[in-house]
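**Q** Sequence and predicted model, in that order:
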Amino acid sequence: MKTSQLALGSFLLLAPGLAYGQGANACASATPISGQGVWSVNTLSATTDGPTTGGCANGNAFNDVWFEWTATTTESMSVHLCNGTNFDSVIAIYDPGCPVGAALSCGDDYCGLQSRTFLSAVSGQSYLVRVGGWGAGTSGTGNLTIEPGSPPPECANPSTGADVVIGSLNGITDWGSVGSISAYSIGTTSCNFGDTNLNWISSSANHPVIGQNIYRFENGRFEQLGQSWLKHGFLALAEELCCNCTNPGSGSLLGVGCSDPYGSGLNGDQSGLGPKSQVNAFLGTYAYPFFAQGATGNAIYKRCQVVTDELSPSLHPTASYYGEGQYVAPDDAAAGNGFNNAAWVDINVGTFSGGSWNLSLSGETHTKDPAIRAWQEEDPSVTLTDAFVPGEGLFIVGSNAIDNNDGTWSYEYAVFNLNSDLSCGSFTVPLAPVTVVTDIGFHDVDSHSGEPYDNTDWPGASTPTDVSWETVPYATNPNANALRWGTLYNFRFVADASPTNGQVELGLFKPGGPASILVDAQVPSSGSDGEAVFEILCDPANDHFQGNYVKLDTSSFGTGIGSGVHIEATDGPISEFGFLLGSAGGAGFNPIYSGILCLQLPTGRYNGNIANNQGVPAMDSLGQFDATGLFQSITGNATSTGGSGFDLPLELPFTPMGQTISPGETWYFQLWYRDQIVMPGDSANFSNLLQVTFP
């Protein structure tokens, strides 16, 4: 791979040394192997016995050993060094015969620094397999695996236009620390899955820029720990990590099917790193020359910065870590291919030295996926929703609710902005009015090294209808801490309501697009396990003036509008009648007669005299208290419950107001009744107030 801009193209021949016999040092004496299997490789004493110029597409390798492999089936085979190889390897395959011609296929940097390539094998045909190091003097040991496998389908069905993706995240460099901050950079190997060459023109605004991020999953939370400035591309090679490469013959183009490796050291070269703030990731455009071009600084300047303690195994013993890379390129974006340019890989935390934790990449790269996808792999209960801004970029919203087994749930949200230039300035989760919310939290990742953005955390607050967070509006401060492209922010709280499927709202930060978008996510329901939630207000024992204190209560609920709510009125004056009132206006306090009207206007009466043809149910709650002090239904649709009250089917679509009861709404009910004990003749009273929130 490319390890530094200055050394690029400076290939040196290794002086002749001792031959190695397991995997022959010379092409002419290649070790015979056949079929599927795993063979050990050792290049420690090998010399170079093949082409050393022209890049991987022509089979460039150093300190090489050779195998002559015979196919036993006709099928596509994967030839790789991913299992236990300990050096920066290259693998190439040729037709038999030494000296060799052009490589049939060649690979570099698929699983970290280890290589993979593909071959359309023909049964009985022999092929030369060459294993070597990327640079002069690079050697080591490992395992050669040959097994059935096919190139990505994009190789056979390329996208329209230029389409740059990350085929491999190939390594990570630890640059040390300054104070409490450590710095890292991640190597990236790009592939062009399009049917058109991708521009890679240095000293212009027509090349890709490359960002790197680090994330952590711990205790149900997926958070971004660090972000880098952007590596500006300067030269493309013509290698074959992903597909067969059509070499464009110029380092100013990434050819169709071709790959190009940028090592982790190169992606951390400070002089070539530019700010994210000068890039419109949706359009793929950026300023050139860029701010601080050529500038260098201390060990952490411009690089992916992480608080050192956030990586500590002792402080975070159950944590998992991930590295991410992302490309942005003008012609890729113009072709509509800017939504598949991120990839992630697992990170292992090693030893602590020089003030920072040594990190390494592990396993295969998850190409065309940003790291937030790892959250769902770690926890399948997580919901991930792609949220496209109309005519613009993509957000990915992750949500999860964790049962605390105490009647509350911890709600976790992670919002990743892949490439929206409009950005996000607020985040809102709907609530039912009776929901109790505590422990509102927020987490973001800081900008650094001279980026103009404010890093002030978003304050969170709850109301009876929602819990929300927001930054300073764009009109007040265009450099406020908005959720910009290539970053992930977290929002969290604890609620006493179980989760259900709903929608959250992302408020967009910049003008020029919609004010907000709604996104499917897990949200608190209006009741435990999807049932209606009720609360007793205006308690007769505390609020009523005099007379009989009738209590309105309920003993069972349905699971939503359509299942019924059983309401019971008790302790009323014998042989007096009453009727039920309803309102969506809320609770109030209005002394009338001997009691208090606790409903806010407007109110309606459930009464059988209202005609069905008016769109209102003929529901009559008119009844009378019997000798037991229980209110008995006597007419209409309210059904007697055997002396225990009446069953009022509140699921009916209309109320006495002619309104519809919808999921999530809260309604209020109160019983009016005659009460002549205190003031004989024409006195009346009111029960307590029953508040019902529908799921």
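**A** Perfect, I can see it now. Everything quoted here is computed from the prediction, not taken from an experiment.

**Q** wait, what's in contact with Arg492?
**A** When the contact criterion is Cβ atoms under 8 Å, 6 or more residues apart in numbering, the partners of Arg492 are Arg221, Ser410, Tyr411, Glu412, Tyr413, Asp439, Ile440, Gly441, Phe442, His443. C-betas here are computed from N, CA, C, even on glycine.

**Q** Could you rerun that using 10 Å?
**A** Under the criterion of Cβ atoms under 10 Å, 6 or more residues apart in numbering, the neighbours of Arg492 are 220-221, 400, 410-414, 439-443, 460, 467, 469.

**Q** quick one, phi psi at it?
**A** Arg492 adopts backbone torsions of phi -160, psi 160, taken as degrees, to the nearest 10.

**Q** how near is it to Val445?
**A** Using Cβ to Cβ, to the nearest Å, we find Arg492 at a distance of 15 Å from Val445.

**Q** And for Trp69?
**A** The spacing between Trp69 and Val445, counted by Cβ to Cβ, is 47 Å.

**Q** One more: Asn244?
**A** With the distance defined as Cβ to Cβ, Asn244 ends up 39 Å from Val445.

**Q** more crowded one of these two?
**A** Between Asn244 and Val445, counting by other Cβ atoms under 10 Å, Val445 is the more crowded of the two (22 against 17).

**Q** How about that one: what's its closest non-neighbour residue?
**A** Of all residues not flanking Val445 in the chain, Gln224 sits nearest, at 4.2 Å (Cβ to Cβ, 6 or more residues apart in numbering).

**Q** Now for the one you found: which residues touch it?
**A** Applying Cβ under 10 Å, 6+ apart, we find Gln224 in contact with 213-216, 306, 322, 324, 371-372, 414, 416, 443-446, 486-490.

**Q** Just the buried ones from those?
**A** The neighbour-count criterion (16 or more other Cβ atoms under 10 Å) marks 213-216, 306, 322, 324, 371-372, 414, 416, 443-445, 486-490 among the contacts of Gln224 as buried.

**Q** Work out the gap between the longest strand anywhere in the chain and the centre of the chain.
**A** What stands out as the longest strand in the chain, according to DSSP state E, is strand 164-178. Using Cα atoms, centre = their mean, to the nearest Å, the mean C-alpha position of strand 164-178 is found 20 Å from that of the whole chain.

**Q** Stretch 297-309 now?
**A** In terms of Cα atoms, centre = their mean, the centre of stretch 297-309 is set 24 Å apart from its chain centre.

**Q** distance between the ends of stretch 314-332?
**A** Here the two ends of stretch 314-332 are set 43 Å apart, with distance taken as Cα to Cα, to the nearest Å.

**Q** what do you get for stretch 135-153?
**A** Stretch 135-153 has an end-to-end distance of 31 Å (Cα to Cα).

**Q** for it, which positions count as buried?
**A** Of the residues in stretch 135-153, those buried under the neighbour-count criterion (16+ other Cβ under 10 Å) are Gly135, Ala136, Thr138, Ser139, Gly140, Gly142, Leu144, Thr145, Ile146, Gly149, Pro151, Pro152.

**Q** right, and the pair among these with maximum separation?
**A** For the buried residues of stretch 135-153, the maximum inter-member distance is 31.3 Å, found between Ala136 and Pro152 (Cβ to Cβ).

**Q** Now do the contacts for the residue nearest to the spatial centre of the chain.
**A** Of all residues in the chain, the one closest to the mean position by Cα atoms, centre = their mean is Ile372, 3.4 Å from it. When the contact criterion is Cβ under 10 Å, 6+ apart, the partners of Ile372 are 215, 222, 224, 322, 324, 342, 344, 382, 384, 396-398, 414-416, 418, 488.

**Q** Would you mind confirming that Asp571 is in contact with Asp675?
**A** No: taking Cβ atoms under 10 Å as the contact criterion, Asp571 and Asp675 are not neighbours in contact, 11.3 Å apart.

**Q** Which one of these two is surrounded by more residues?
**A** Legend: neighbour count by other Cβ under 10 Å for Asp571 and Asp675, higher for Asp675 (26 against 15).

**Q** Setting the sequence-adjacent residues aside, check what's closest to that one.
**A** Nearest residue to Asp675, sequence neighbours excluded (Cβ to Cβ, 6+ apart): Asn685, at 3.8 Å.

**Q** Let me know the distance separating the one you found from Arg130.
**A** For Asn685, the distance to Arg130 equals 96 Å [Cβ to Cβ].

**Q** and these two? which has more neighbours close in?
**A** Neighbours were counted for Asn685 and for Arg130 using other Cβ under 10 Å; Asn685 has more, 30 against 25.

**Q** would you put the C-alpha positions of whichever strand or helix holds that one in CSV?
**A** In this assignment (DSSP states H and E), Asn685 forms part of strand 684-693. As requested, the backbone C-alpha atoms of strand 684-693 are provided in CSV (Å, rounded to 0.1, in the frame of the first residue of the first chain):
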residue,chain,number,x,y,z
ALA,A,684,-76.1,18.6,42.4
ASN,A,685,-72.5,17.4,42.8
PHE,A,686,-69.5,16.1,40.8
SER,A,687,-67.3,13.0,41.2
ASN,A,688,-63.5,13.1,40.9
LEU,A,689,-62.0,13.4,37.5
LEU,A,690,-60.7,10.4,35.5
GLN,A,691,-57.9,11.1,33.1
VAL,A,692,-57.4,8.4,30.3
THR,A,693,-54.6,8.4,27.8
